[in-house]
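Chemist: Everything below, folded, please.
(one chain, ligands or ions: 2)
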Amino acid sequence: MPKECRRRTSKDLGLPGTGLGEGCRPERRAAGKQTCEELELLHSAAERAQPSGAAAAAMDAPRVPQVTITPEGGGSSREMQQEDWGDAVDGTLRRKLSNSSISSTGSSVAESEDDLLSDTESRSKGLVTLEHLLDAGDQIKPWWKLKTIVHWPFSATQRRKLNWVQLAGHKGNFKAADEGTILKKFSEFEMQCFEKLKQDVLLSFVPEYHGVVEKDGESFLHMTDLLANFDLPNVMDCKMGVRTYLEVELGRARERPRPREDLYRKMVEVDGEGPTPEEHSQRAVTKPRYMQWRETMSSTHTLGFRIEGTKKSDGTCRTDFKKTRSKQDVMQVFADFVGGSGTITASYLSRLTEIQKALKTSEFFKRHEVIGSSLLFIHDHTGRAEVWMIDFGKTTALPEGQTLRHDVPWTEGNREDGYLWGLENLIHTLQAVGAGGTGREAADTHTH
Ligand SMILES: Nc1ncnc2c1ncn2[C@@H]1O[C@H](COP(=O)(O)OP(=O)(O)OP(=O)(O)O)[C@@H](O)[C@H]1O
Ligand SMILES: O=P(O)(O)O[C@@H]1[C@H](O)[C@H](O)[C@@H](OP(=O)(O)O)[C@H](OP(=O)(O)O)[C@H]1O
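Modeler: Ligands and ions are numbered 1, 2, ... in the order given. Next comes the predicted model:
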């Protein structure tokens with residue numbers, strides 16, 4: 001998601017009480033970022049420029065367009081110059097694209113580039129300790145603009161640190177809150193989604209949302225901790241869809257390629273032959289290039305979802321699924337995760353079927369491009385098993401009147417995300433596990 005959107009302060013949003021310097025990074029904004037309103041404009045403009053391809057074919061053989069972003073000028077990054085804008089068909093759009101910076105992690109491309117050495121280490125790999133953000137005496141300002149008032153009845157015992165499971169995202173994105181709830185770094189897109197979901201059939205499949213809270217000029221989304229009522233939970237995060245980056249990110253990368261050394265290093269760690277000779281020579285890759293490579297290495301392209309991480313009740317965590325691509329590999333991970341329990345598998349399947357049904361009737365889902373969102377699987381020894389939809393940091397509204405099918409191939413401009421197709425494959429995969437499959441015998445089942 002737009003990182004600056006996540007980090008916006010009350011003052012950015014026209015609210016009283018905090019200074020721009022508190023919590024956010026105004027100097028980074030000034031260095032060429034854009035507002036969420038501008039991003040919405042971008043989406044609309046991109047739509048006008050490339051109307052929906054309305055891919056009619058069912059998604060049984062996903063086409064993955066080759067959208068390769070290569071730096072200009074023999075592979076070196078190029079700063080967009082003011083005079084370049086003169087070439088633009090739509091100068092406003094191009095200027096905004098050149099300034100955009102999008103991610104759902106709360107750290108901008110510029111920030112990541114400032115912080116190359118720590119990127120890999122900064123992503124959560126499982127068990128984390130959440131700090132309580134607020135002290136008992138802190139006053140929470142009502143987020144009046146959003147018509148949300150947050151009450152904060154803190155007691156000393158509730159202020160203890162929380163041992164928690166975070167299978168994806170950047171460390172530090174979450175804080176502990178009062179009992180049974182957590183705080184996630186603010187994202188305007190995610191906040192808007194939570195607000196809209198209040199009136200949607202998907203409401204019972206997303207964490208309960210308690211509004212926005214603010215501390216030291218930084219804003220957070222206050223939501224239910226889905227792990228709170230489990231005893232030594234087993235947790236799995238599956239990132240849904242055939243695509244993990246927004247179309248607008250591609251546009252920006254074309255306008256202003258910014259090869260990143262940290263992403264190059266992450267790529268080489270997994271596959272020394274991943275980078276092209278040019279990328280090897282400059283020791284950097286652009287973000288969409290990295291994201292596309294991640295998608296093809298994992299099951300995102302072949303199945304429409306991928307496993308991000310697992311944590312088991314014995315405390316072991318795994319986030320090394322970058323090369324888990326085939327249906328049999330995915331089945332093996334699931335079989336291990338449910339520990340052979342037919343009851344757990346059946347509960348998960350029943351919940352997934354409910355989610356699938358709700359998605360097919362959801363007005364919200366129809367009108368949003370859902371990118372980078374996950375299904376969070378949680379079960380424990382009591383036999384309780386739940387699946388929840390999380391992470392709407394890159395879920396963006398479509399222009400008025402446009403809808404998506406979510407089960408047809410993506411072609412640039414149609415904004416399809418393949419979420420429903422991925423969900424169907426996920427259900428089939430789990431059914432195969434429930435039928436006794438461990439993954440080893442699945443080589444002959446159909447994968448794409
Ligand atoms: N409401 C919740 N209750 C319990 N755990 C959660 C909740 N929301 C997120 N998590 C945990 O935190 C992890 C990261 O969540 P999320 O994807 O929302 O963060 P993010 O920073 O937006 O990640 P990314 O950078 O991958 O987009 C999840 O994998 C899950 O383990
Ligand atoms: O899983 P990996 O291999 O660690 O790669 C990260 C992953 O694809 C995240 O989804 C992405 O954040 P967004 O979804 O927020 O864009 C992040 O970009 P970032 O480095 O710009 O944060 C990548 O580094």
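
Chemist: all contacts plus neighbour counts: C-alpha atoms, from now on.
Modeler: Noted.

Chemist: which one is Ala385 nearest to, not counting chain neighbours?
Modeler: Once flanking residues are discounted, Ala385 sits nearest to His379: 4.1 Å by C-alpha to C-alpha, 6 or more residues apart in numbering.

Chemist: Listing request: residues of the stretch 151-300 of the chain with sub-threshold pLDDT.
Modeler: 151-160 (pLDDT under 70).

Chemist: If we use 50, what do you get?
Modeler: Low-confidence segments of the stretch 151-300 of the chain (pLDDT under 50): 151-158.

Chemist: Ligand 1 contacts on that one?
Modeler: 165-170, 173, 207, 223-227, 237 (C-alpha under 6 Å from any ligand atom).

Chemist: Go through the residues you listed and name the one nearest Lys196.
Modeler: Nearest to Lys196, judged by C-alpha to C-alpha, of those is Pro207 at 13.3 Å.

Chemist: just checking, that closest one touches Asp225?
Modeler: Yes: assessed by C-alpha atoms under 8 Å, Pro207 is found in contact with Asp225 at 7.4 Å.

Chemist: Return the residues in contact with Tyr264.
Modeler: By C-alpha atoms under 8 Å, 6 or more residues apart in numbering, the residues touching Tyr264 are 275, 279, 283-285, 290.

Chemist: show me where this protein has strands.
Modeler: 126-130, 162-166, 174-176, 181-185, 209-215, 218-224, 234-240, 305-311, 317-318, 368-371, 374-379, 385-390, 394-397 (DSSP state E).

Chemist: What pairs with the first one, parallel or antiparallel?
Modeler: Strand 126-130 has these partner strands in its sheet, going by DSSP bridges: strand 162-166 (antiparallel).

Chemist: What separation is there between Glu273 and ligand 1?
Modeler: As judged by C-alpha to the nearest ligand atom, to the nearest Å, Glu273 and ligand 1 stand 25 Å apart.

Chemist: Quick check: phi and psi at that residue.
Modeler: Main-chain dihedrals, Glu273, degrees, to the nearest 10: phi -100, psi 10.

Chemist: coming back round to it: which among the contacts of Tyr264 end up buried?
Modeler: 275, 279, 283-285, 290 (16 or more other C-alpha atoms under 10 Å).

Chemist: Quick one: those residues as CSV, columns for distance to Thr361 too.
Modeler: Listed next are these as CSV, based on distance: C-alpha to C-alpha, whole Å:
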residue, distance to Thr361
Pro275, 42
Glu279, 44
Arg283, 46
Ala284, 43
Val285, 40
Tyr290, 34
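
Chemist: what's the closest of these to Glu195?
Modeler: Checking the buried ones among the contacts of Tyr264 against Glu195 with C-alpha to C-alpha, the nearest one is Tyr290 at 31.9 Å.

Chemist: Distance-wise, check that closest one relative to Asp391.
Modeler: 20 Å (C-alpha to C-alpha, to the nearest Å).

Chemist: Quick one, which of the strands of the chain gets closest to Val268.
Modeler: Taking the strands of the chain one by one with C-alpha to C-alpha, strand 305-311 is closest: 18.6 Å.

Chemist: What mean pLDDT does that closest one get?
Modeler: Per-residue pLDDT values over strand 305-311 give a mean of 98.

Chemist: residues in contact with Ser373?
Modeler: By C-alpha under 8 Å, 6+ apart, the residues touching Ser373 are 239-240, 389-395.

Chemist: Which residues of the stretch 301-448 of the chain lie near ligand 2?
Modeler: Contact residues (C-alpha under 6 Å from any ligand atom) of the stretch 301-448 of the chain with ligand 2: Gly372.

Chemist: Where does the stretch 301-448 of the chain get nearest to ligand 1, which residue?
Modeler: Of all residues in the stretch 301-448 of the chain, Asp391 sits closest to ligand 1, at 3.8 Å by C-alpha to the nearest ligand atom.

Chemist: Hmm, Ile182 and Asp225 touching each other?
Modeler: Yes: between Asp225 and Ile182 a contact is recorded at 5.5 Å, counting by C-alpha under 8 Å.

Chemist: higher neighbour count, the two?
Modeler: Taking other C-alpha atoms under 10 Å, Asp225 and Ile182 do not tie; Ile182 has more neighbours (23 against 18).

Chemist: Identify the residue spatially nearest to that one, adjacent ones excluded.
Modeler: Counting by C-alpha to C-alpha, 6+ apart, Ile182 lies nearest to Ala176, which is 4.8 Å off, once chain neighbours are set aside.

Chemist: The one you found and Val128: what is the separation?
Modeler: Distance, Ala176 to Val128, by C-alpha to C-alpha: 11 Å.

Chemist: which one of those two has more residues nearby?
Modeler: Shown here are Ala176 and Val128; by other C-alpha under 10 Å, Ala176 has more neighbours (25 against 16).

Chemist: Now do the contacts for that one.
Modeler: Residues near Ala176 by C-alpha under 8 Å, 6+ apart: 130-133, 161-162, 182-183.

Chemist: Filter those down to the buried ones.
Modeler: Among the contacts of Ala176, the ones that count as buried by 16+ other C-alpha under 10 Å are 130-133, 162, 182-183.
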